[in-house]
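Undergrad: Structure for this input, please:
(2 chains)
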Amino acid sequence: AQTVTQSQPEMSVQEAETVTLSCTYDTSESDYYLFWYKQPPSRQMILVIRQEAYKQQNATENRFSVNFQKAAKSFSLKISDSQLGDAAMYFCAYRSALETSGSRLTFGEGTQLTVNP
Amino acid sequence: EPEVTQTPSHQVTQMGQEVILRCVPISNHLYFYWYRQILGQKVEFLVSFYNNEISEKSEIFDDQFSVERPDGSNFTLKIRSTKLEDSAMYFCASSEDRPMNTEAFFGQGTRLTVV
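TA: Prediction:
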């Protein structure tokens, strides 16, 4: 079974600064997807960024980028130029790419990000 | 922008009562999911649903739980006889196509409190 671990329950960053959220995972599969979801106080989980394991290039979405280290099974999220609206709970998630493994997402514990003005 | 909507946002029920949580997935989506998050714990997968049947379920999804798509728009989760440990946030999600190719969009959740 796959597991996802986020070892930072809480992080804080100054507005306009950069912060990195850590995520590690464990799997025996070679093909899979990794995600970062954001959960603001409104509670709705919003997809931030997605990475396919077969792609060597790190995914980037505007101010959000990842550092995907497949051999180390590490998938960190970097938020540049942090904004007050980035304050939220961030979840790292794993999904197998094998149809026989199903479509479930496996989540980490979450990291609560505070952005200080 | 289309979104997944869930009702109610908060439900309080007595232990032993049946509860139905409702979700309206995004209209052209074909795959539907329920997840739950007990306070202070990880978000956990419960069940996925496609083509009017369960495609996958977790060990949490026992006989007390059932899902249904009663019409063309709603997707429901029923808990037959609620227990205190069922208190959690329940999230509905949907995806457009084969889950391997597309991501899931989540609703805002229903907070279930069993007293």
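
Undergrad: Just give me the residue closest to the centre of chain B.
TA: B:W34 (3.1 Å; C-alpha atoms, centre = their mean).

Undergrad: For that residue, give the beta-bridge partners.
TA: B:V47, B:C92 (DSSP bridges).

Undergrad: ok, it to A:A71 distance?
TA: Between B:W34 and A:A71 the computed distance is 34 Å (C-beta to C-beta, to the nearest Å). Any C-beta I mention is one placed from the backbone N, CA and C, and that applies to glycine too.

Undergrad: Quick check: the residue nearest to the centre of chain B vs chain A, distance?
TA: 11 Å (C-beta to the nearest C-beta, to the nearest Å).

Undergrad: B:E68 is in contact with that residue, correct?
TA: No: shown here, B:W34 and B:E68 do not form a contact pair, counting by C-beta atoms under 8 Å, at 11.4 Å.

Undergrad: Return every residue with contacts to both of those two.
TA: Here B:W34 and B:E68 share no contacting residue, scored by C-beta atoms under 8 Å, 6 or more residues apart in numbering or on different chains.

Undergrad: Now do stretch B:65-74: distance to the chain's middle.
TA: 10 Å (C-alpha atoms, centre = their mean, to the nearest Å).

Undergrad: Please list the residues of chain A that sit near chain B.
TA: Contacts of chain A with chain B, taken as C-beta under 8 Å from any C-beta of the partner chain, map to A:33, A:35, A:37, A:42-47, A:50, A:91, A:95, A:97-99, A:102-110.

Undergrad: Report all helices and strands that the helix or strand containing A:N67 contacts.
TA: Per DSSP states H and E, A:N67 falls inside strand A:64-69. Packed against strand A:64-69 by the contact rule (3 or more C-beta pairs under 8 Å, 6 or more residues apart in numbering or on different chains; DSSP states H and E) you find strand A:32-39, strand A:46-52, strand A:74-79.

Undergrad: Could you give the backbone dihedrals for the closest residue to A:R104 other than its chain neighbours?
TA: Nearest residue to A:R104, sequence neighbours excluded (C-beta to C-beta, 6 or more residues apart in numbering or on different chains): B:F45, at 4.0 Å. With angles defined as degrees, to the nearest 10, B:F45 sits at phi -70, psi 140.

Undergrad: what about B:F45, neighbour count?
TA: Counted with other C-beta atoms under 10 Å in any protein chain shown, the neighbours of B:F45 add up to 23.

Undergrad: can you tell me which residues contact it?
TA: By C-beta under 8 Å, 6+ apart, B:F45 lies in contact with A:104-106, B:33, B:35, B:58.

Undergrad: Now, of the residues of chain A next to chain B, which are buried?
TA: Buried members of the residues of chain A next to chain B, scored by 16 or more other C-beta atoms under 10 Å in any protein chain shown, are A:33, A:35, A:37, A:43-45, A:50, A:91, A:95, A:97, A:103-110.

Undergrad: which residue is nearest the middle of chain A?
TA: Nearest residue to the geometric centre of chain A (C-alpha atoms, centre = their mean): A:W36, 3.0 Å.

Undergrad: Check whether B:S73 really touches B:S27, as I assumed.
TA: Yes: B:S73 is within contact range of B:S27, at 7.3 Å (criterion: C-beta under 8 Å).
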